[in-house]
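J.: build me a structure from this.
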Amino acid sequence: MKPLPASSCKLFGYALLPLTIASPLPLTSVQADDLSVTPASAVSDNDESAFKLSNVQVTAERLVTATEKTANEEGSVSEIDAQQLKNTVAYSADDLFRYDPSILTTNNGRFGLSGFNVRGLDENRISLQLDGLEMAESYGPTSSYLDTGRLSTDVSSLSSVSVVKGGNAQQGSGFSSVSLQLHSPQDFLAPSGDDTHASIEAGYRSDNDGFFQNVTFAARRGDYESLLIATNRNSKATENYIGSGENDQTQGDERTTPDPGDVDNYDVLLKLQKFNNSGQIGLVAQKYRATSDLHLFSSENARYGDYYSADTLTRYRLGIYQDAEYKSPLFDALHWQIDWQQTETINDSSMVYNGYNRLINRDFDQTTWQLKTDFSKQIDVGIPQQLAYGLTLKRDDYESLSEDYNLDADTVEQSRFSPPGTATRVGLYLQDRLSLAEDRGSLTPALRFDHYEYDLDNDNLTPQSYDGAEGQALTGQIGGTWNIASSTELFGKTGFGFRAPSYEELYYDYDAGRGYRIVANPDLDDEHSRFVEVGIRNQGNLGNAELTGFYTDYRDFIESSVSVSIDPGNYPSGEYSTENINRAIIRGVEFKGQLDLNKAIGVNDGWYARTAAAYIEGKNLEDGSAIESIPPIQAVVSLGYEDPNQQWGSELAGTFVNQVSAHDAEDAYAPAAYQLYDLTGHVSLGDHLTVRGGIFNLLDKKYWVWDDVRGITTDYSGADRYTQPGRNFGISAEYVF
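T.: Next comes the predicted model:
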């Protein structure tokens, strides 16, 4: 990456190819099973799977694109659908991959859920897309006053979630990518003909005293379809093992319960689609808003009193999209979408500070415009092959503002953490899937080109002026599969990855005024990686299984919160910055499988067992230390029953997490090993009503999650405040008209 003068960092003139408005093709959605694996040779290019939603049998159809097909067959992919989320009484994104040991949801305390940790990497290293649109970036993890999360959608609006682990040429990530798929009208309507759907759902979770309500309407009239989903949630701050903290007024580090308050959110999703004989064109609109109002007893001390927070995250999205099958010399199928998205985070903190009334208002906005296209072409001359190529053009505008009010003196100080800026990103990819030996195997080479520019609008509200920046990279990978038997397949991929520094990593500067500082580093180099992933999967009469090994070698690994010494006289408590680490590695092994107990040992039809396990190791090769975002060894074992008539089902799941070693934790608190057991169930009462429920942490275990405590020291007296909830329950009821 090289610096640019601000005047030269303009939106470069990439000419957009005309978008061909072609005859749309009916899309299809495939039922996902997070522990189900199938050899690629057994899956057609447009595999269709009927699944049950809202007590009505429907067939949701979505085209399986060429790049999705290769991602699913060349590496390990975790998937979960709406039905599974409902049956496990999922309340928030924290519950999406509760039973996948290689995927965690990261939490920012006061600021809520921030994103995903996949194979030990989190935040902006994970490509997070909602219906193909990249979600806003994480920003400001080092300030107690401002932090932005990336998970700004409600789980009730999701039809499925898919996680491609490891490198992916199409997504532009040398790391993992998470794809959140919004519901479409087809998820609720009959495969053809005029139809309507209406349902209401309500539920409760005891760990946060949370209630939710959801209404869903879908309709088809002729060639037109529509969908409206509205969800509202009202809760308290999530309790821990000690309690809710509602009646606890203990201040500072001695506090062992959560800071009390209210946490609310709502989500409204609207989709309109028009079909003809070969495809669809549609509009999508969504608004998500989350608020929290807390009394921050844990931050109160002799200097800070009556400490309250009022935080708001609001996201708007408007988009138009088309999927079509169009016979031409250049492509057979196409997808394009144009989206606008605005994400605003407002964090207000009020307090009595050193005897005067103080209000701190901090705001961060990210506005995104994105054009995305995907094309594919089947070629049957010579070696059968499927070409796929596409373009992503994305512009992000960033702006932050901090206002520090002395309410008694009626004064205000304004500043910014980073100068206002614009990032322009272009990504181009090309892949060619070759079918070998009459589809016994496949080989898929892929190339990707990425270019980015940062253009800054410096003013006098930042500590100093910064230059813009730019960078580019050509990366590639090659993957393939080979069926060694009718039900057993080898798979793998290897390649090079690339990640540009984020806006926050380059330009975030924060002077706390309390003897420490976060220093911006506009000279960061791009992060590069080399990765290898190999595995074997089996799909047989008794069930399925998959074993995967992976290894990634990072060069110029971008690490935050690195101690630096620039001005120790003015900052005796330390200065920290984001730096490039010369080399780091992450490696590990994963296993997942499911067994049909009826076929295996002859019990009644419907009984099954499943398991998943993950071992991940990460190391900074400069100093030999562990990468702190790596989770401990984890495994999940489940025993369940699903009535063959789909009338009821139940599952007992055990989660087993190893301790964090003192060596890996270094000076941080190292949580002990623990075991958790959850019991969930669902029953259909007639043709319209379904009741679901679950008891979580069944044995009332006291435990800590490593990702929550890795930032606190071993001598911290308030470690109990970071415990997870004890035994708790959830229940929901859904009525389909």
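J.: contacts and neighbour counts: CA atoms only from here.
T.: Will do.
J.: and Gly261, how close does it get to Gln249?
T.: Counting by CA to CA, to the nearest Å, the separation of Gly261 from Gln249 is 13 Å.
J.: more neighbours, the two?
T.: More crowded of Gly261 and Gln249, by other CA atoms under 10 Å: Gly261, with 20 against 15.
J.: tell me the pLDDT of the more buried one.
T.: On the pLDDT scale, Gly261 is placed at 95.
J.: contacts only, for it.
T.: Contact analysis of Gly261 by CA atoms under 8 Å, 6 or more residues apart in numbering lists 236-237, 246, 292-295.
J.: pLDDT on the longest helix along the chain, on average?
T.: Across the chain, the longest stretch assigned as helix under DSSP state H is helix 66-74. Taken as a whole, helix 66-74 has an average pLDDT of 84.
J.: what packs against it?
T.: Using 3 or more CA pairs under 8 Å, 6 or more residues apart in numbering; DSSP states H and E, the elements in contact with helix 66-74 are strand 385-406, strand 468-485, strand 488-499.
J.: for it, which residues meet the burial criterion?
T.: 66-67, 69-74 (16 or more other CA atoms under 10 Å).
J.: try stretch 368-385
T.: Those would be 368-378, 384-385, for stretch 368-385 by 16+ other CA under 10 Å.
J.: repeat that for stretch 232-245.
T.: Buried, per 16+ other CA under 10 Å, within stretch 232-245: 232-245.
J.: tell me which of the residues you listed fall in strands.
T.: Among these, the ones falling in strands (DSSP state E) are 232-236.
J.: so of these, which two are at opposite extremes in space?
T.: Asn232 and Lys236 (13.9 Å; CA to CA).
J.: summarise which helices and strands the helix or strand encompassing Asp708 is packed against.
T.: If you go by DSSP states H and E, Asp708 is part of helix 706-709. Other helices and strands packing on helix 706-709, by 3+ CA pairs under 8 Å, 6+ apart, are strand 103-107.
J.: packing partners of the strand it packs on?
T.: Using 3+ CA pairs under 8 Å, 6+ apart: strand 103-107 touches strand 113-118, helix 706-709.
J.: after the longest one, next one along is what?
T.: Following the chain from strand 113-118 toward its C-terminal end, the next helix or strand by DSSP H and E is strand 127-130.
J.: tell me the angle the helix or strand Gln378 falls within makes with strand 385-406.
T.: Using DSSP H and E, the element containing Gln378 is strand 356-379. If you take axes from the mean of the first three to the mean of the last three CA atoms, to 10 degrees, strand 356-379 sits at 170 degrees to strand 385-406.
J.: for strand 356-379, what is the distance to the chain centroid?
T.: Distance of strand 356-379 from its chain centroid, counting by CA atoms, centre = their mean, to the nearest Å, is 14 Å.
J.: again, but for stretch 300-317
T.: 24 Å.
J.: with just CA atoms, put that stretch into PDB.
T.: Taking Å, rounded to 0.1, in the frame of the first residue of the first chain, the C-alpha atoms of stretch 300-317 are listed here in PDB:
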ATOM      1  CA  GLU A 300     -18.500   4.600  38.400                       C
ATOM      2  CA  ASN A 301     -15.800   5.600  40.800                       C
ATOM      3  CA  ALA A 302     -14.600   8.700  42.700                       C
ATOM      4  CA  ARG A 303     -14.400  10.700  39.400                       C
ATOM      5  CA  TYR A 304     -17.400   9.300  37.600                       C
ATOM      6  CA  GLY A 305     -20.900   9.300  39.100                       C
ATOM      7  CA  ASP A 306     -24.500   8.900  37.900                       C
ATOM      8  CA  TYR A 307     -23.100   7.200  34.700                       C
ATOM      9  CA  TYR A 308     -25.700   6.400  32.100                       C
ATOM     10  CA  SER A 309     -25.600   5.400  28.400                       C
ATOM     11  CA  ALA A 310     -28.100   5.700  25.600                       C
ATOM     12  CA  ASP A 311     -26.900   3.900  22.500                       C
ATOM     13  CA  THR A 312     -28.600   3.600  19.100                       C
ATOM     14  CA  LEU A 313     -27.800   1.600  16.000                       C
ATOM     15  CA  THR A 314     -29.900   2.400  12.900                       C
ATOM     16  CA  ARG A 315     -29.500   0.800   9.400                       C
ATOM     17  CA  TYR A 316     -31.500   1.600   6.300                       C
ATOM     18  CA  ARG A 317     -31.300  -0.400   3.000                       C
END
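J.: let me see the contact set for the residue nearest to Ala673 when sequence neighbours are not counted.
T.: Spatial nearest neighbour of Ala673, excluding adjacent residues (CA to CA, 6 or more residues apart in numbering): Gln659 at 4.0 Å. Counting by CA under 8 Å, 6+ apart, Gln659 makes contact with 632-633, 670-674.
J.: below-threshold pLDDT in the protein: ranges please.
T.: Residue ranges of the chain with pLDDT under 70: 1-64, 108-113, 140-147, 169-170, 172-174, 512-514.
J.: residue farthest from the centroid of it?
T.: The C-alpha centroid of the chain is most remote from Ala409, which lies 43.9 Å away (CA atoms, centre = their mean).
J.: ok, it to Ala446 distance?
T.: 62 Å.
J.: just grab the bridge partners of Tyr356 for me.
T.: With DSSP bridges applied, Tyr356 shows beta-bridge pairing to Tyr353.
J.: OK, contacts around it?
T.: 406-408.
J.: same question, Lys165
T.: Applying CA under 8 Å, 6+ apart, the residues contacting Lys165 are 75-77, 118-119, 175-177.
J.: phi, psi of it?
T.: Main-chain torsions, Lys165, degrees, to the nearest 10: phi -90, psi 130.
J.: and the gap between it and Val705?
T.: 22 Å.
J.: over to the closest residue to Ser299 other than its chain neighbours: give its phi and psi.
T.: Nearest non-adjacent residue to Ser299, counting by CA to CA, 6+ apart: Gly252, 5.2 Å away. Here is the backbone geometry of Gly252 (degrees, to the nearest 10): phi 70, psi -150.
J.: burial count for Gly252?
T.: Neighbours of Gly252 using other CA under 10 Å come to 17.
J.: pretty sure it is touching Ala302, no?
T.: No: assessed by CA atoms under 8 Å, Gly252 is found out of contact with Ala302, at 9.4 Å.
J.: hey, where'd the helices end up in this protein?
T.: Under DSSP H, the chain gives helices at 66-74, 82-87, 503-507, 597-601, 662-665, 706-709.
J.: I'd like those laid out as CSV, including distance to Glu651.
T.: CSV is the format used below for the helices of the chain (distance: least, CA to CA, whole Å):
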stretch, distance to Glu651
helix 66-74, 27
helix 82-87, 9
helix 503-507, 42
helix 597-601, 14
helix 662-665, 34
helix 706-709, 26
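J.: buried deepest among those helices, which one?
T.: Highest mean neighbour count among the helices of the chain (mean count of other CA atoms under 10 Å): helix 503-507, with a mean of 23.
J.: and Ser176, what does it touch?
T.: 118, 125-127, 163-168 are the contacts of Ser176 under CA under 8 Å, 6+ apart.
J.: same question, Leu447
T.: By CA under 8 Å, 6+ apart, the neighbours of Leu447 are 169, 429-431, 474-477.
J.: again, only using 7 Å
T.: 169, 429-431, 475-477 (CA atoms under 7 Å, 6 or more residues apart in numbering).
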